[in-house]
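In: need a 3D model of the sequence below.
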Amino acid sequence: MKLKLSALLLSVLMFLPLAACTKQAEQTAATTQPTETTTTEVAAQIAAVSSEEISFYDATDNLGNILKLSPIYAADGKTVVAAYVVSATDKDKKALDAKAYTALNCVIAAKSSDKGIELSYDSAKKLITVESYADNNGNIVAIMDINDINKNGNKTEYIKLSKKTNEKGSVHYVLTNETVEIKVENGKKVLVEKGKKTEVKIVDASNDKVKKTVASDTASSSEKPAQSGTDNKPSDTATPQEEYVSIVLKKNGKAACSATGVEISDNKVEITKADKYRITSETDVWHGAIIAKFKNDEEAELRFEDVNISVSSAMKTVPVQIIDASDTTVRSFIEAEATAETTADNAIETLSERDSAPEVDIVFPTGTKSSFENSANLFTGVLYNEAKLTVKGNGKATFKAVANANNVISTSKSVTVKNVDLTLESANHDVASKFPSGGARGIFSYSRVKLESGKLTIKSNGDSIRCDSYEQEGGTLNAASSACDGIDADDLIDIEGGSLSVVALEKTSLKVRRVNNQDKLDAYIAAGSKVTDAFKKTCIRSGKNDGFKIDGGTVRAESYKTSTPRNNDQKVIICKASKQVKGNDDESKKPVKWKITGVASSNNSSVKFLYSASGIKQQNYTITVDGSEKDTTWTWKDNVGIAKVVSSTSV
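Out: So this is what the prediction gives:
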C-alpha cells in the first residue's frame, strides 16, 4: 500500500506542483487541476499520508513566500499539528534570513485539513509560533500545547516529543501522550520529567544545533515530495565537493590528500585538523588505519563512501581511531595485545572521566556500503573512540573483529546511532563458551550508548553492549551474545521506542547491575533474613536516574536470566519456568519455547522470556511451553507481570 501511495503521490505532483503545499491565501489559491483528479482529492491523499512517507513539505504562506517545513505529527503519526521552518525564500526565490523572516528556524502552528496542510495565523495575519525547547544535541523535546491537543483545557503545558524513523531512514517528530515541565534553575531552562532534569534551550534562529539536526533528519528521507523539474535525490547522496576535504585511499596502503592537517604515510592517514572529510577508495580493500585527533572543543565529520579497510594481525593496529587531542596521555595501549586484565581497560576508564570531548560524526551516506575488519588481537578492536560520537547516514557499514579478544567498538565516551544500517560482529559469535579474555564485546563503552533511529545488529561472543547506560528512542536493535550478556549496563536501561530483540541464552538478556542488587535486597527482606546497613548501601541505587524501564516500543528478550524493569509506562511480561508444581519458587533451568497466547512467542528456547509492547493488558494470559499449555501463576506489580509456569520436573 505504501509503494502504491508513494507512486500516486509522485505522479500527481508531476502534474500539480502545489498540491503538497500548504493552503495559500484565498486571493492566491491554486486553481490548476490534473485531468482525472481534483485538487481537493489530491490534497486529501497527501494529508492522509503517514509520517513514514513524507519527511518534509514545501509550503507557501499568505504572502507568497516558499517555506520548507519539517512536520510535527500527533501521536497517530499522520495528523500534522505543528512544523519547524527549515528555510524560507521569497517570490523571486531569494533566500530569507531570520531578520527578514522571523519564523525561520522556529516551530509554527499548522494542521492537517482536507486541503492539505494549513498554516495558522494570528489576528494580524502573522504566522503563529509555538514556544518549543530542544536538548543540547539539537533534538526538539517539548512544545507548548497552544491548541489544547490534549483536550484538558490547559494551553500552557508542554507536550513531550519523540522521534520515529521508517526503514528508509526518514525521521519525524511525533507527539507523545506525556506532558513535561519547563523550569528555570540557576538562570538556565530545564525540562523536568518524572524527577529527571535535562537542560534545554529555546528553539529559534539562534539555536544552530536544532537547525543542523533537523537538516540532517529531513535529508535522510528517500521518499521526499518531488517538484516538477527536480530529480528528487536525497541530499546526502550528493557530495558537496567544496564543503569536504577529500582523502583518497589507494593501492598498497597509499593515500592522497592535498589539505593541511592531514599527514599520510604508508598504511596510515592521520587527521589533526577539525573539518569535514570525505574518504573514498580506489582499491577494493585498503590496509591501514585512519587516525583522527581533535581537541575537546572541536567538531568534525568523517564521511566514508564505499570504503573497505582491513588490518592483518601483522599490522597490529586499530583501523579507525578517534583521539581527544586535548589529553596528552600516551596511547600505546591502543595497540596492546588483548588479555583478561589489560592496562587498556584502566586507561580507557581514566579517559572517560574527562567532562569534555570532541564531537564527531561518522557518516555513511545513502546508497553506500563500507566495511572495517581487524585480525590483530587488540583489546580496542575495530573502532576506538574518545569523542562524543554519532554514527549516522542512510548507508550500510559492517565492523568485524576477527581475533578472539577483540571488542568491536571500544569507547570512553558516548555513542549514538542514527539512521544508519550498522552491523557489529565479533569473533566466535556463534560459540557458546566464553573465551579466557572475557569474551569479545560488540560495544564496550564507559558512557552511554543510544539508538535514536536506523538499524543496529550485533553478533558477539561477549556482551553485545557493555556500558554505563543504554537508551533507545527508535530504530531497531538485534543483539545476540553466544556466551555472555545482551545489554549489560551499570546504571540504566531506558527504552522509549523502536524495536528491540536481545538473545543471551547463556547469560542475562537485559541486565542493569544496580537493579539486580535491588532485587537481591528485596529477596533478602522477603525471606526475613537479617539485612545490615552496610549490605543495604551496596544494593540501593545511588544515582537518581538509575534503573531499568520500558516506556514504549516492542521489546523481546530471550535468555537464561533477565533484570526486572521498574517504573514502566508500558506493561511487560516475564515468563519464568518453575519445577513440579504450580507457584513453586524452585525455578527450572531447562530452556523451553515460549508462547504467550494472542501476544507473542519466543524465537528460541530460553529459560526466561521477556516481552513488552503497547497492546499488552494487565491480565493473566494463557502460556504454552514447547507447544503444551501449562499451569501458570501470575503476579502483576508496577506494570510488570511475572508468569511462573510449570515447565519441567528437571533442573
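In: return the helix or strand in this structure with minimum mean pLDDT.
Out: helix 39-48 (a mean of 31; mean pLDDT, DSSP states H and E).
In: tell me the spacing between G253 and K268.
Out: For G253, the distance to K268 equals 8 Å [C-beta to C-beta, to the nearest Å]. No exception for glycine: its C-beta is placed from N, CA and C like everyone else's.
In: give me the common contacts of the two.
Out: G288 (C-beta atoms under 8 Å, 6 or more residues apart in numbering).
In: number of nearby residues for K194?
Out: Other residues near K194 number 11, with proximity taken as other C-beta atoms under 10 Å.
In: so who does the nearest residue to it once chain neighbours are set aside touch?
Out: Excluding the flanking residues, the one nearest K194 by C-beta to C-beta, 6 or more residues apart in numbering is N567, at 7.6 Å. Residues near N567 by C-beta under 8 Å, 6+ apart: 194, 547, 549, 638.
In: Y158: which of those residues is nearest?
Out: When the contacts of N567 are ranked by distance to Y158 (C-beta to C-beta), K194 comes first, at 14.0 Å.
In: so who does the residue positioned nearest the centre of the chain touch?
Out: In the chain, the residue lying closest to the centroid (C-alpha atoms, centre = their mean) is E452, at 1.7 Å. Neighbour list for E452: 163, 165, 416-419, 473-475 [criterion: C-beta under 8 Å, 6+ apart].
In: show me where the stretch 301-450 of the chain has its strands.
Out: 308-311, 320-324, 359-363, 369-374, 383-385, 388-392, 396-401, 409-411, 415-418, 421-425, 443-445, 448-451 (DSSP state E, counting those that start in this stretch).
In: compute the inter-axis angle for the second one and strand 369-374.
Out: Spelled out, it's strand 320-324. Strand 320-324 and strand 369-374 are oriented at 80 degrees to each other (axes from the mean of the first three to the mean of the last three C-alpha atoms, to 10 degrees).
In: can you map out the helices along the stretch 151-300 of the chain?
Out: Per DSSP state H, counting those that start in this stretch, the stretch 151-300 of the chain carries helices over the ranges 208-218.
In: where along it do the strands fall?
Out: Counting by DSSP E, counting those that start in this stretch, the strands of the stretch 151-300 of the chain are 158-165, 171-185, 188-193, 196-199, 201-202, 245-249, 255-256, 262-265, 268-271, 276-281, 289-294, 299-304.
In: so which of these gets nearest D97?
Out: D97 lies closest, by C-beta to C-beta, to one member of the strands of the stretch 151-300 of the chain: strand 201-202, at 18.3 Å.
In: partner strands of that closest one and their direction?
Out: Based on DSSP bridges, the pairing partners of strand 201-202 within the sheet are strand 132-134 (antiparallel).
In: now stretch 413-432: average pLDDT?
Out: Across stretch 413-432, the average pLDDT comes to 92.
In: what comes up buried for it?
Out: Buried residues in stretch 413-432, defined by neighbour count with 16 or more other C-beta atoms under 10 Å: 413-429.
In: one more: stretch 258-268?
Out: So, applying 16+ other C-beta under 10 Å, buried residues of stretch 258-268: 262, 264, 267.
In: the first one is in contact with S246, isn't it?
Out: No: V262 is not in contact with S246 according to C-beta atoms under 8 Å; the separation is 9.7 Å.
In: common neighbours of these two, please.
Out: In contact with both V262 and S246: Y277, using C-beta under 8 Å, 6+ apart.
In: for V625, give me the pLDDT.
Out: Note for V625: predicted pLDDT of 91.
In: I meant A205, not that one.
Out: 89.
In: I'd say it and N105 touch.
Out: Yes: between A205 and N105 there is a contact under C-beta under 8 Å: 4.3 Å.
In: return the distance of I140 relative to I334.
Out: Distance from I140 to I334, by C-beta to C-beta: 37 Å.
In: G474 too?
Out: G474 is 33 Å from I334, by C-beta to C-beta.
In: between those two, which one's more packed in?
Out: Counted by other C-beta under 10 Å, G474 and I334 do not tie: G474 has more neighbours, with 24 against 21.
In: looking at the buried residues of stretch 258-268, which is nearest T624?
Out: Closest approach to T624 among the buried residues of stretch 258-268 (C-beta to C-beta): N267, at 57.0 Å.
In: which residues sit in contact with the closest one?
Out: 253, 287-289, 315, 317.
In: so where's the stretch 501-650 of the chain uncertain?
Out: 515-520, 524, 534-545, 579-585, 647-650 (pLDDT under 70).
In: where along it do the helices fall?
Out: 513-526, 533-539.
In: only C-alpha atoms, please: export stretch 549-564 in CSV.
Out: C-alpha atoms of stretch 549-564 as CSV (Å, rounded to 0.1, in the frame of the first residue of the first chain):
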residue,chain,number,x,y,z
LYS,A,549,12.3,1.0,32.5
ILE,A,550,10.4,0.3,29.3
ASP,A,551,8.1,3.2,28.3
GLY,A,552,7.5,2.3,24.6
GLY,A,553,8.5,0.2,21.6
THR,A,554,8.5,-3.6,21.2
VAL,A,555,10.9,-5.5,23.4
ARG,A,556,11.7,-9.2,23.0
ALA,A,557,14.4,-10.7,25.2
GLU,A,558,15.3,-14.4,25.4
SER,A,559,17.9,-15.5,27.9
TYR,A,560,19.0,-17.5,30.9
LYS,A,561,18.3,-14.6,33.2
THR,A,562,16.9,-11.0,33.0
SER,A,563,16.7,-8.0,35.2
THR,A,564,13.1,-6.9,36.2
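In: V174 and A74 touch, don't they?
Out: Yes: using C-beta under 8 Å, V174 is in contact with A74, at 7.5 Å.
In: still on that earlier bit, how far away is the residue nearest to the centre of the chain from I143?
Out: 19 Å.
In: hang on, the earlier thing: as TSV, the strands of the stretch 301-450 of the chain with distance to A98 would be great.
Out: As requested, these are exported to TSV (distance: least, C-beta to C-beta, whole Å):
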stretch	distance to A98
strand 308-311	42
strand 320-324	34
strand 359-363	24
strand 369-374	37
strand 383-385	35
strand 388-392	26
strand 396-401	36
strand 409-411	37
strand 415-418	26
strand 421-425	36
strand 443-445	38
strand 448-451	30
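In: for R466, which of those strands is the nearest?
Out: Closest to R466 of the strands of the stretch 301-450 of the chain is strand 443-445 (C-beta to C-beta; 5.1 Å).
In: so for that closest one, what gets flagged as buried?
Out: Using 16+ other C-beta under 10 Å as the test for burial, strand 443-445 gives 443-445.
In: list the helices and strands it packs on?
Out: Contacts defined by 3 or more C-beta pairs under 8 Å, 6 or more residues apart in numbering; DSSP states H and E place strand 443-445 against strand 409-411, strand 465-472.
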